[in-house]
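Undergrad: Sequence plus predicted model, see below.
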Amino acid sequence: MVKYPHSLGPRAIAWIENFLVIGSGDDLGKPFKLRDWQKELIYDLLTIGGNGKLKYRRALIIMGKGNGKSELMSAIANFFLLGGTRSNPTIALAAGSFDQANILYQSARNQISEGPLSPYVEMTETKMYPKGAAGSLERIVSSHSTVDGKRNDIFIADEIHEWTGDRKERVHLVMSNNLQKRDQGFELNISTPSANQTDLLGRMYSYAKGVQDGSIDDPTFFFKGYMADEKLDLSDPKQLEQAIRQANPAIDDFFPMENLKNRFKEIPEHEFRRYHLAQFAASKASWLPNDAWDQLVDPEEIPEGTDIVMGFDGSVSNDASALIGCTIEEVPKLFVIGIWEKPYHDQDWYVPRHEVHAAIEQSFKKYNVIELACDPPSWWQEIDQWTEMYGDKVLIYETNYRKRMVRACDKFYTAVCTQALSHDGNDRLAAHMDHATIKETAAGTYITKPSKNSPLKIDAAVGAIIAFDRATSKRDNDDPEDKEFKLITI
């Protein structure tokens, strides 16, 4: 075995480039050629200490989204599994969600199955084994894994900002503690930042900063942050580019600069700072940028017979109910069909359901309604009636399904910022848009009321998001979650 007195980096780099292929994307199956920044990172990460073993037992790497970190992590995991530096290593390749854990594992698996080492490795849906050896690489999902008692000696965890909540944090703690039983336990964490520094990632980052500035004495902890300087003025194009380069080592390589400069215009600044500048950035109170909504007014009437989708967000008494239409065209137009909101002085008010029925019936007569998408709480009986009348044009759109709302809100926000939609200028719809604030979750950002008991309503904004999401999906023939919608049939 060739030994390197200062780092396993040269051995790992040579092994990855000789034996692995790209495991995902358009370059699937092509030789894995490491970039200079990746080589430097591997070299530093795998530094050898004075005892001849890895200097670092725990590591944290932070960088912007889209720089191929999952692919690189998978390659490092495969090196530990098959590179011959350890005897029968047990490796946990983990993430905070099933989707991300699967991305990691499939990348690691494809790096082997599509390359020259395929004949030497047994593979299942969750685990890889070198033939004739006792080592393994296993996919772990933090949300539902039973990890007590596992004897892994390498733990690689992706997107730590998603490891939120007691259960996920406990999984991380148990996996990390398992390493203490091993002579050469090694933990590698990598992530884009979270919204604050109070969660697992935030606390880990605070620890890393303490090690970095000398206030914490831990020579076994490695930290590398590709993070933009927060003092840079993003309104200055040159400083924006500088910030992008600091947080994205793959920029102008497999990650075009223009893509991120355009993205800066399309998403909230705090999200851009988090995902693409690798900064811990909390959301601001309001959702849409100042005046962005007002610039999209188109007062022209929607002609009778126009193809439309309707989005309905219903309530019983305290919240408002809203029925919003959206045309199906290159630049869709949103328009208010009805908003029913409790008067401030009427504590006994309930949504006039007969008016909602009438508005829906009239709309089906006036327009060519392609779909009526309904958020169902407290309206199941009415939805059953509409289904009897309009068949499979009625669709359940549950806004409490977080993944769907995150995607829909992101799509809507981008369309507003790029002027890819218009609306009828309705004052109450504008007010509901103005009331919408941001809720940060591990899954992403979606809108909510300013507080649980706030009198400010956002139901028309939610109805507009539903209508726009479904109208653009129909327009583009693109239903990424169609299998998750419950289509009601007679």
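TA: Noted; the coordinates are in hand. Just so we're clear, the structure is a prediction, and the values are computed from it rather than from any experiment.
Undergrad: residues contacting the residue nearest to residue 327 when sequence neighbours are not counted?
TA: Nearest in space to residue 327, with sequence neighbours left out and distances taken as Cβ to Cβ, 6 or more residues apart in numbering, is residue 333 at 4.7 Å. Just so you know, the C-beta spots here come from the backbone N, C-alpha and C atoms, and that holds for glycine as well. By Cβ atoms under 8 Å, 6 or more residues apart in numbering, the contact list for residue 333 reads 298, 302, 326, 327, 421, 422, 423, 424.
Undergrad: Show me which pair in those residues is furthest apart.
TA: Using Cβ to Cβ, the two most remote members of the contacts of residue 333 are 302 and 421, lying 13.7 Å apart.
Undergrad: Between those two, tell me which one has more neighbours.
TA: Here residue 302 and residue 421 are set side by side on neighbour count (other Cβ atoms under 10 Å), and the busier one is residue 421, at 22 against 17.
Undergrad: Name the spans of the stretch 251-400 of the chain whose pLDDT lies under the cut-off.
TA: Across the stretch 251-400 of the chain, residues meeting the criterion (pLDDT under 70) sit at 282-285, 317-318, 343-347.
Undergrad: Please read the previous query as pertaining to the stretch 51-200 of the chain.
TA: 143-150, 196.
Undergrad: where along the stretch 101-250 of the chain do the helices fall?
TA: Using DSSP state H, counting those that start in this stretch, the helices found in the stretch 101-250 of the chain span residues 166-179, 200-213, 237-247.
Undergrad: out of these, nearest to residue 342?
TA: helix 166-179 (37.2 Å).
Undergrad: Check which helices and strands the closest one sits against.
TA: Secondary-structure packing of helix 166-179 (3 or more Cβ pairs under 8 Å, 6 or more residues apart in numbering; DSSP states H and E): strand 90-95, strand 154-158, strand 186-191, helix 200-213.
Undergrad: Figure out which of the ones you listed is closest to residue 57.
TA: Proximity to residue 57, assessed across these by Cβ to Cβ, is greatest for strand 186-191 (6.1 Å).
Undergrad: Provide the strand pairings for that closest one, with the direction of each partner.
TA: As defined by DSSP bridges, the strand partners of strand 186-191 come to strand 58-62 (parallel), strand 154-158 (parallel).
Undergrad: Make CSV from these and add mean neighbour count to it.
TA: Rendered in CSV, the data for these read as follows (neighbours: other Cβ atoms under 10 Å):
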stretch, mean neighbour count
strand 58-62, 22
strand 154-158, 25
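Undergrad: Off-centre distance for the longest helix seen in the chain?
TA: In the chain, taking DSSP state H as the definition, the longest helix is helix 459-476. Remark: helix 459-476 is offset 20 Å from the chain centroid, using Cα atoms, centre = their mean, to the nearest Å.
Undergrad: Please identify the buried residues of that helix?
TA: Buried residues in helix 459-476, counting neighbours by 16 or more other Cβ atoms under 10 Å, are found at 459-475.
Undergrad: Over to stretch 327-339?
TA: Neighbour-count burial for stretch 327-339 flags 327, 328, 332, 333, 334, 335, 336, 337, 338, 339 (criterion: 16+ other Cβ under 10 Å).
Undergrad: start to end distance for it?
TA: One end of stretch 327-339 sits 18 Å from the other (Cα to Cα, to the nearest Å).
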